[in-house]
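Coordinates for the following, if possible.
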Amino acid sequence: MSFTQSIRTCFSKYVTFSGRASRPEYWYFFLFVFVGGMLATLLDVRLFPGSVEVVETAEDEHAGNNAVSSGPLSLLFSLVTFLPLLAAGWRRMHDSGRSGLHLVYPLIVMIGTATFAAFGLGLAESFGETGTLLSAITAVILFFALLVLIVSPLLVLWWLSRPTQAGVNQYGPDPHGGTA
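Sure thing, here's the model as predicted:
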């Protein structure tokens, strides 16, 4: 599949979460979204100079700066490409024999970790002296949860890069037309 075929396919399957997507289909579309987002941000800087704000990341002068864009072009591009990219990733997971829900594991881990932190530390504050022990236990559990939070996006990237599962799987036929 070529770069342009990939873009056409992903936009024609705008919100199609069923079926399978080959590696080139997903990664070419991902490249399109990445480069398109950068170009949209550059156009925002040129056409709407007040829409990009440079934010210092630290007090140290050598720490660097981040550009934060609220420009209309980058926002519009992100809105237009969000669902097709999510659908292509979902189908890509299907192609490697996994449920599309595997794509949102980092989000699930992030929400679970934040909820546990808020609940555990909030509960610890209300217990006074006993809360110190509860805070320590919460901190230990949060340490391991943060490790999982760091590893989960890497695991999803690894799954997205896996080869096509040959032949028909539970999500449909092989996008390359191969047989098992």
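
For residue 135, see how far away the residue of the chain positioned farthest from its centre is.
Most distant residue from the mean C-alpha position of the chain: residue 129, 40.5 Å away (CA atoms, centre = their mean). Going from residue 129 to residue 135 by CB to CB, to the nearest Å gives 11 Å. For the C-beta atoms, the positions are set from N, CA and C on the backbone; glycine is no exception.

so which strand or helix has residue 33?
Element membership of residue 33, judged by DSSP states H and E, is helix 23-47.

chain center to that helix, what's the gap?
How far helix 23-47 lies from its chain's middle: 15 Å, per CA atoms, centre = their mean, to the nearest Å.

which residues touch that helix?
The contact list for helix 23-47 (CB atoms under 8 Å, 6 or more residues apart in numbering) reads 1-3, 5-7, 9-10, 51-52, 67, 69, 71-74, 76-78, 81, 84-85, 88-89, 91-92, 95, 160-161, 163-164, 175.

May I see the buried residues of it?
Residues of helix 23-47 classed as buried by neighbour count (16 or more other CB atoms under 10 Å): 23-30, 32-33, 36-37, 40-41, 44-45.

Residue 169 against residue 93, yeah?
No. Under the criterion of CB atoms under 8 Å, residue 169 makes no contact with residue 93, lying 11.2 Å away.

ok, now which ones touch the nearest residue to residue 149 once chain neighbours are set aside?
Sequence neighbours aside, residue 109 is the residue nearest to residue 149 in space, at 5.1 Å (criterion: CB to CB, 6 or more residues apart in numbering). Contacts for residue 109 were tallied using CB under 8 Å, 6+ apart; they are 145, 148-149, 152.

rerun at 7 Å
Shown in contact with residue 109 (CB atoms under 7 Å, 6 or more residues apart in numbering): 148-149, 152.

neighbour-wise, which of these leads?
The most crowded member of these, judged by other CB atoms under 10 Å, is residue 152 (18 neighbours).
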